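Asks: task: produce atomic coordinates for the following.
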Amino acid sequence: MLATTRGRATCTAVLAFVPWALHASDAPLAPARALPATATVLDIDGAIGPATSRYVVRGLAQARVNGSRLVVLRLDTPGGLDSSMREIIRAILASPIPVVSYVAPPGARAASAGTYILYASHVAAMAPATNLGAATPVSIGPEAPSRPAGEPQPPPPKGESQPASPKGPAASAPPVVPGSTLERKVINDAVAYIRGLAELRGRNADWAEQAVRGAASLSANAALREGVVDVVARDLPDLLSRIDGREVRIGQRVVKLATRGVTLEYLEPDWRTKLLAVITHPTVAYGLLLLGIYGLLFEGYNPGVALPGVVGAVSLLIALFAFQILSVNVGGLALVALGVAMIVAEFFFPAFGSLGLGGLVAFVVGSLILFDTDVPGMNIGLPVIAAVATVGGLVVLAMSWVASRSLRRPVVTGIQGMVGATGEAIEDFSARGRVRYGGEIWNAQSAKPVTCGQAVRIVRVEGLTIWIEPADPARN
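Replies: Predicted structure coming up:
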């Protein structure tokens, strides 16, 4: 009976403990702390290239993994490559997290590609004293000549309709862009692209078209009045406060932003992105190309050294990788390689500067047209090209000077080098005899008698016979 009573008591204690344990398991062991709401901040500073697009795409994916409420793209860019810009925009449009593009700090700009990214974002914001616009695609050919004021525009090519004026029935149709068919295609494609982004986000599509066709620009306050941006904010905390409660559309759903009091997380580029940014810089890629070509040429003319060949091969492969993802003119690349090869060939086949001069011209022209873009930061600096060309020109001049100087020197080898040299008669003779020259015994002829041991000068060489004259006439 006692055991039963003890067993019942034990069961009662266990049953009483189980609800408490279950309740305790639901409650946190530490003080209750919810994870803070975060906003991921990505910085686009400088020209937009492959490294920038990789950084933004990976940043958007990381923000989603981290559970961020939104992503802030802080922009300060003069523009960039079209392919990189479109990759960023595709990532923004596919992002399940709201993306806020913010042109900051004061004095920053979102020109060219930056304007497209601003239009693609769910929220567009600017800091005071910033600007955006000038979204005209860079010229890929000669610019159309300007027309005098009042001169009518040329008729459109056959198959293209002439847009009416803004007061006509086709008020939204743009004027025909002068220039080649290719230029019109590029402009019209850019206009359609940015108008599509503007219509998707409910922003001013007409001004966006002006930014593409006429390179129009706006300040922050003017952009807010024109309906180009949604907010003008002093800094990031002010931006988060102003967009709190704003509704944005993500796909088929409407999301209400809750940004007041969120914690900012700054996402820095990883080492791969930083390395990509370095090697895809046009000047660095250009230097790697030259290093690779010179290294391989040096190894070819000095086989077995190994180090120049290894460095050259690695540099050339890295340069070709960079050129693969940059906008490179293949003809310019071929001219650079040809120019360097011709300059090097001048060392081994002296052509009195003709090879070197031709190579220098090919090198400079190829360097100038190597990249098919005029985007700031996406071209080789002219001082770099000038410095390399100057060094190449000095090398060519030095080789030409050495070659011309060698022509004026007397021949010191072979039969021609014997003329004017001094020998020694090994016997007395008046017409024919023998002379020692260079450790050899030569048959000699002389118009004057010579004596044994007398120094003689070689006048000419005919076969195995030398014509001599006494080197010291006073002894005769």
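
Asks: now the one helix or strand Gly332 maps to: mean pLDDT?
Replies: With the criterion set as DSSP states H and E, the secondary-structure element containing Gly332 is helix 330-348. When pLDDT is averaged over helix 330-348, the result is 78.

Asks: where does the stretch 201-350 of the chain have low pLDDT?
Replies: Low-confidence segments of the stretch 201-350 of the chain, defined by pLDDT under 70, are located at 301, 325, 327, 347-348, 350.

Asks: residue boundaries of the helices in it?
Replies: Taking DSSP state H, counting those that start in this stretch as the test, the helices found in the stretch 201-350 of the chain are 205-213, 220-225, 236-242, 271-279, 282-301, 307-325, 330-348.

Asks: now distance to Ile369 and mean neighbour count too, for those helices, in CSV please.
Replies: For every residue, glycine as well, the C-beta is placed using N, CA and C. Written out in CSV, the entries for those read as follows (distance: least, CB to CB, whole Å; neighbours: other CB atoms under 10 Å):
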stretch, distance to Ile369, mean neighbour count
helix 205-213, 25, 22
helix 220-225, 36, 18
helix 236-242, 42, 18
helix 271-279, 21, 15
helix 282-301, 13, 19
helix 307-325, 13, 17
helix 330-348, 4, 18
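
Asks: quick one: Glu299 from Gly392, how far?
Replies: 20 Å (CB to CB, to the nearest Å).

Asks: could the helices of the stretch 201-350 of the chain go into a markdown table alongside distance to Val255?
Replies: Formatted as a markdown table, these follow (distance: least, CB to CB, whole Å):
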| stretch | distance to Val255 |
| --- | --- |
| helix 205-213 | 23 |
| helix 220-225 | 22 |
| helix 236-242 | 15 |
| helix 271-279 | 29 |
| helix 282-301 | 40 |
| helix 307-325 | 34 |
| helix 330-348 | 46 |
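
Asks: looking at the ones you listed, which is nearest to Thr263?
Replies: If you check each of the helices of the stretch 201-350 of the chain against Thr263 by CB to CB, helix 236-242 wins as the nearest, at 10.1 Å.

Asks: who touches that closest one?
Replies: Residues outside helix 236-242 that contact it (CB atoms under 8 Å, 6 or more residues apart in numbering): 39, 41, 72, 74, 100, 102, 104, 125, 231, 233, 259-260, 262, 264.

Asks: same thing but 7 Å
Replies: With CB atoms under 7 Å, 6 or more residues apart in numbering as the test, helix 236-242 has contacts from 39, 72, 102, 125, 231, 233, 259-260, 262, 264.

Asks: same check, this time on stretch 210-229
Replies: Contacts of stretch 210-229 with the rest of the structure, by CB under 7 Å, 6+ apart, involve 115, 124-136, 174, 177, 187, 190-191, 194, 203-204, 207, 232.

Asks: just stretch 276-284 next, same as before
Replies: Residues outside stretch 276-284 that contact it (CB under 7 Å, 6+ apart): 49-51, 54, 285, 318, 322, 325-326, 371, 378-381, 384.

Asks: with just CA atoms, put it into PDB.
Replies: Listed in PDB are the C-alpha atoms of stretch 276-284, where the atom choice follows Å, rounded to 0.1, in the frame of the first residue of the first chain:
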ATOM      1  CA  LEU A 276      37.200  41.400 -60.900                       C
ATOM      2  CA  ALA A 277      36.900  45.200 -60.500                       C
ATOM      3  CA  VAL A 278      40.700  45.500 -60.800                       C
ATOM      4  CA  ILE A 279      41.300  43.200 -63.800                       C
ATOM      5  CA  THR A 280      38.300  44.600 -65.700                       C
ATOM      6  CA  HIS A 281      39.500  48.100 -65.400                       C
ATOM      7  CA  PRO A 282      40.400  49.000 -69.000                       C
ATOM      8  CA  THR A 283      43.800  50.500 -68.200                       C
ATOM      9  CA  VAL A 284      44.800  47.400 -66.100                       C
END
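
Asks: middle-most residue in the protein, spatially?
Replies: Pro282 (2.6 Å; CA atoms, centre = their mean).

Asks: model confidence over the one helix or strand Pro383 maps to, on average?
Replies: Counting by DSSP H and E, the element that carries Pro383 is helix 382-408. The average pLDDT within helix 382-408 is 73.

Asks: return the list of strands paired to the helix or strand that comes right after that helix, each annotated with direction.
Replies: Under the assignment DSSP H and E, the closest C-terminal helix or strand after helix 382-408 is strand 422-425. For strand 422-425, the paired strands and their directions (DSSP bridges) are strand 432-437 (antiparallel), strand 455-462 (antiparallel).

Asks: mind listing what's buried in strand 422-425?
Replies: With burial defined by 16 or more other CB atoms under 10 Å, the residues of strand 422-425 counted as buried are 423, 425.

Asks: cool, and stretch 244-258?
Replies: Using 16+ other CB under 10 Å as the burial criterion, the residues of stretch 244-258 that qualify are 246, 248, 255, 257.

Asks: just the CA trace of it, in PDB.
Replies: Written as PDB, here are the backbone C-alpha positions of stretch 244-258 (Å, rounded to 0.1, in the frame of the first residue of the first chain):
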ATOM      1  CA  ASP A 244       7.900  54.500 -44.000                       C
ATOM      2  CA  GLY A 245       4.300  53.400 -44.900                       C
ATOM      3  CA  ARG A 246       4.700  53.800 -48.600                       C
ATOM      4  CA  GLU A 247       3.200  51.100 -50.700                       C
ATOM      5  CA  VAL A 248       5.100  49.500 -53.600                       C
ATOM      6  CA  ARG A 249       4.200  46.800 -56.000                       C
ATOM      7  CA  ILE A 250       6.300  43.700 -56.200                       C
ATOM      8  CA  GLY A 251       5.100  41.300 -58.900                       C
ATOM      9  CA  GLN A 252       1.400  40.800 -58.300                       C
ATOM     10  CA  ARG A 253       1.300  42.000 -54.700                       C
ATOM     11  CA  VAL A 254       1.400  45.300 -52.900                       C
ATOM     12  CA  VAL A 255       3.900  45.700 -50.100                       C
ATOM     13  CA  LYS A 256       3.700  48.400 -47.400                       C
ATOM     14  CA  LEU A 257       7.100  49.500 -46.300                       C
ATOM     15  CA  ALA A 258       7.900  49.500 -42.600                       C
END
